[in-house]
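Q: sequence and predicted structure below; questions after.
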Amino acid sequence: MSSDASRLGFYLLIAPLLLWLVVLILLPHIGLFAVSISEKTGVREYEIGFGNYAAFFTEPLYWRTFARTAIMSILATVLTLLLGFPIAYYIAKLTRGRTKTTLFLMCMIPFWVSELVRTYGWMILLRETGVFSNALQYIGLTTGPIEFLYNDAAIMVGLVYTSILFMVVPLVTTLDSLDDSLIEAGYDLGGTSFSVMREIVIPHAMPGIVSGCIVVFMLSLGNYLTPILLGGKDSLWFTGMIYTQFITRFNWELGSAFGFLLLALSSLVVFVGLKLSRQSLTETMGR
Amino acid sequence: MIPTVPRSRFSIWCYRAYVITFFVYLALPLTVVCIFAFNNSVFPSLPWEGFTLAWFFGTEAPFIGVFNERSIMRAIGTSAFVAVWVAGLAVAVGTCNAFLFVRHEFRGKSLLYMLMLLPLIIPGVILGISILVFSSAVANTLEDATGLWFDGLRPGLILVILGQFSFIATFATLVISARLQKFDPSLEEAALNLGASQWGAIRQITLPFLFPAIIASAIVSVLMSFENFNTTLMLVGSESPLTITMFDKLKQGSTPVLNAVSLLLIIVSAAIGLISLLFQNAKR
Amino acid sequence: MTVSPDLVCRDLVKDFDSFRAVDHVTFEVPQGSFFSILGPSGCGKTTLLRMIAGFQSPSSGDLLIKGRSMLGVPPNKRPVSMVFQHLALFPTMNIGDNVGFGLRQRGVARSEIKARVTQVLERVGLPGFSERRVEQLSGGQKQRVAIARCMVLEPDVLLLDEPLGALDLKLREHMKIELKALQSEFNTTFVYITHDQSEALVMSDKVAVMNHGRFEQIGTPHEIYYDPKTAFVAGFVGDANRFDAKVSAKSGSALSMVTEAGTQIEVETDASNLSVGQGAEVFLRPEAIELAKAQADLTVKTNTSVGVVTSVFFNGANSMVSLKDAKAGMSFNVALPQTGAFADLQPGDEVYTSWHPAKARCYAHDGA
């Protein structure tokens, strides 16, 4: 069946894919792991060992930052889901035709704009000389300027803002595919808003919820700009720590170990999320 | 909770109010960024000192506009250079992948497909450092072995391009595959039946069908490349793209020039995004 | 004490922006009967059904179920259940959970839900299907699950929104009989909407024919078929030959008319408001026309004519021939008797036809 020409075509097609995956994804991550388990013993002399990982677990600053990053990211994911779901539902189920397209596009525009610009916008709003502080002074609620930046709440506002569209967009898509007659059938059989939501809408939206949560968690965990700019120098975000080890301290071995730990955490959460909802990566991501 | 199920006026009203609040939240940061690009003051904050276009066209310090700020213009050029390369590579590889995954059955296909999706779930910073570590190791080995310099493997534009390509290619593959899946293979068979060669059929029938998806993925790639920060941060050398330049300036203290650049970015990316949607939704 | 009907609609009107979907509809459905609403698509029957279910609210008029007004009662509080057009079985639940959904909403104890689900699944002929998934079922089985899901709640009225539309022909024929059997098994009031006249005629105790938001006629299937009250009903239900004709003479209930093609016909019609010179539509069922190879063989001696066969439509028991009147050139269809006497008929053959004046139905032209 397969002629020589079609075999050649097949190899020509698979070559760029393999080149990309092996050279840019697989080998670098193997390399990253290799560096993370090497310890510097002298100038350009290394030996294999888990000293970098030991350093992570013995130095409270490191693992506390790690735990803090993870918890804040989970919190941001939950908040994003709670805030985004009603919006997605509104767009998918309560609007039609042109209103729907317009609302959806309005959701998409901030999503296309650079994260840096979005974060900058929040800085202008929240800082001591910013719009909120000035507005409060103007209406007389406070006498002096207020600093809204550089705290965890500011980080949370920024994280939710940055990632909410990655929640809303997949949710709108899955909720759109829910036939109205299923919801009507639920009410017709005596269901209340709450039970219809819990037994019909949410089970149907589960693939969207899972893929939205995974993306939002990943984006929060790997975020660098928002915690640094909105949380300030002492924001203690794990990506910031990786950056410090690599660029400022030039301690690539420890930095690689950190990087690998972050990768392990994010993979673990993705894996657990998929298992809990009985979805596969292929159907969740490759939509 | 759909229009055909009756609901109290109060709850409908509350729901609407929430949606409006949400959209205000969405629009607020971008709006203030845009407004302060026109404030006649050296700080992008209140009080409002009057309208000016100096932050776009100004030539005298401290009012040096974007178009006369050499570092920013150079950064835009760098970003554009990177974006064009990334988009070109991503579309080319993405098209190959689409044909491979949609048209071919082979052992290990699902494994390769999963690997192809991996860049979506690897944090950008990690992608950056892994490529940095690996390329440096290769460069060190090669330099030790040959005694030559391999600057291309050190932080710089080549690594930035490769780093961005490593995850943008996944998006391009997904967009183009989705379109190819909708292609009716009997069209290509008809072309073969009418005497076209295999390649001729692909070139004259299949590729034109894929064209909207190819353009859309190229546009999305340019947009993603322009805005990428995390991966780029780890791989950048002496020449920095726009987001990195803006970040450095922001750390030093903000001026309305940044608002002006941001305004331009917002306009351009919103326009590009809308165009890409038009292409993606093109039915023919 | 008289039992109040299960469902009463009084002067029901539904307006959408500038369009009146349901126009002063009034009817009653007694307990335990099968009531069909038959009409072409867009006639307002779906809107009417959704008003009964509570998904649309009437612009005016009243709607009572078991004597209680349903105005302002939300769909989840109404004692009606609905079988949706595409059934709307919940794909995320198995069959047992689908059927038990309504009982769970009422807070029925889990063990009782299980027992009642098992029981109702047996009654619809799907014992042991509880654990199956929706997509594992055939079209007919899904249909029965959808009915079981409603019937387990023991609703006063079951609404069915063209549930057979998605099935293929063979299964549809089968389900018609099965639905009727289920209805008498449960002895529940069914309100069934459809655009398929044979569904309505086969299953119903009463049929309402609906057009442009109005009820044209309510009656038993027999009345609807043999005694249509309006031209629309006569044309919509069953096959009919339709001619335009003018009244040329009238004596009592007997009318002489001249068709557009110029043929003289004799018609008998009771309570006719037609007067001489008036235009009317005449409907004649294909099976009302007698067919013979020689004029002497005709048993009915009125309205005889000679026709030439233009085509033969063989369709088993429903076979017909199309004839062209030899004198006036008028075309009409005649059903072939099932004796097989005319099985050898070919296009071009000459045949004799006649029909009894009382078999035709005439209706004055609108506004004429």
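A: Nice, thanks for sending it over.

Q: now do the strands in the chain.
A: The chain I'm using is chain A. Assigned by DSSP state E, chain A shows strands spanning A:38-42, A:45-48.

Q: oops, chain B please
A: According to DSSP E, the strands that chain B contains are B:59-60, B:63-64.

Q: most packed of those strands?
A: strand B:63-64 (a mean of 18; mean count of other C-beta atoms under 10 Å in any protein chain shown). Bear in mind the C-beta positions are built from the backbone N, C-alpha and C, glycine included.

Q: if we can go back for a sec, what's the closest of the strands of chain A to residue C:72?
A: Closest to residue C:72 of the strands of chain A is strand A:38-42 (C-beta to C-beta; 75.4 Å).

Q: near chain A, which residues of the stretch 101-250 of chain C?
A: Within the stretch 101-250 of chain C, the residues that sit near chain A (C-beta under 8 Å from any C-beta of the partner chain) are C:101-102, C:104-106, C:149-150, C:153.

Q: redo that, cut-off 10 Å
A: When proximity is defined as C-beta under 10 Å from any C-beta of the partner chain, the stretch 101-250 of chain C approaches chain A at C:101-106, C:146, C:149-150, C:152-153, C:155, C:159, C:161.

Q: hmm, back to that, quick one: closest of the strands of chain B to chain C.
A: strand B:63-64 (55.9 Å; C-beta to the nearest C-beta).

Q: scan the chain for its longest helix.
A: The chain I'm using is chain A. helix A:60-89 (DSSP state H).

Q: not quite, go with chain C.
A: As assigned by DSSP H, the longest helix anywhere in chain C is helix C:169-186.

Q: need the strands of chain A in a markdown table (columns: mean neighbour count and distance to residue B:160).
A: Below are those laid out as a markdown table (neighbours: other C-beta atoms under 10 Å in any protein chain shown; distance: least, C-beta to C-beta, whole Å):
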| stretch | mean neighbour count | distance to residue B:160 |
| --- | --- | --- |
| strand A:38-42 | 13 | 26 |
| strand A:45-48 | 11 | 28 |
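
Q: would you turn those strands into TSV with mean pLDDT and distance to residue B:194?
A: Below are these laid out as TSV (pLDDT from 0 to 100; distance: least, C-beta to C-beta, whole Å):
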stretch	mean pLDDT	distance to residue B:194
strand A:38-42	76	62
strand A:45-48	76	64
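
Q: save the ones you listed as JSON lines, and put in distance to chain C too.
A: Formatted as JSON lines, the strands of chain A follow (distance: least, C-beta to the nearest C-beta, whole Å):
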{"stretch": "strand A:38-42", "distance to chain C": "50"}
{"stretch": "strand A:45-48", "distance to chain C": "50"}
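
Q: residues near the closest residue to residue A:251 other than its chain neighbours, how many?
A: Setting aside the residues directly before and after it, residue A:251 is nearest to residue A:245 in space (C-beta to C-beta, 6 or more residues apart in numbering or on different chains), at 4.8 Å. Neighbourhood size, residue A:245 [other C-beta atoms under 10 Å in any protein chain shown]: 22.

Q: how about residue A:69, nearest residue that isn't a chain neighbour?
A: Using C-beta to C-beta, 6+ apart and skipping the chain neighbours, the partner closest in space to residue A:69 is residue A:238 (4.0 Å).
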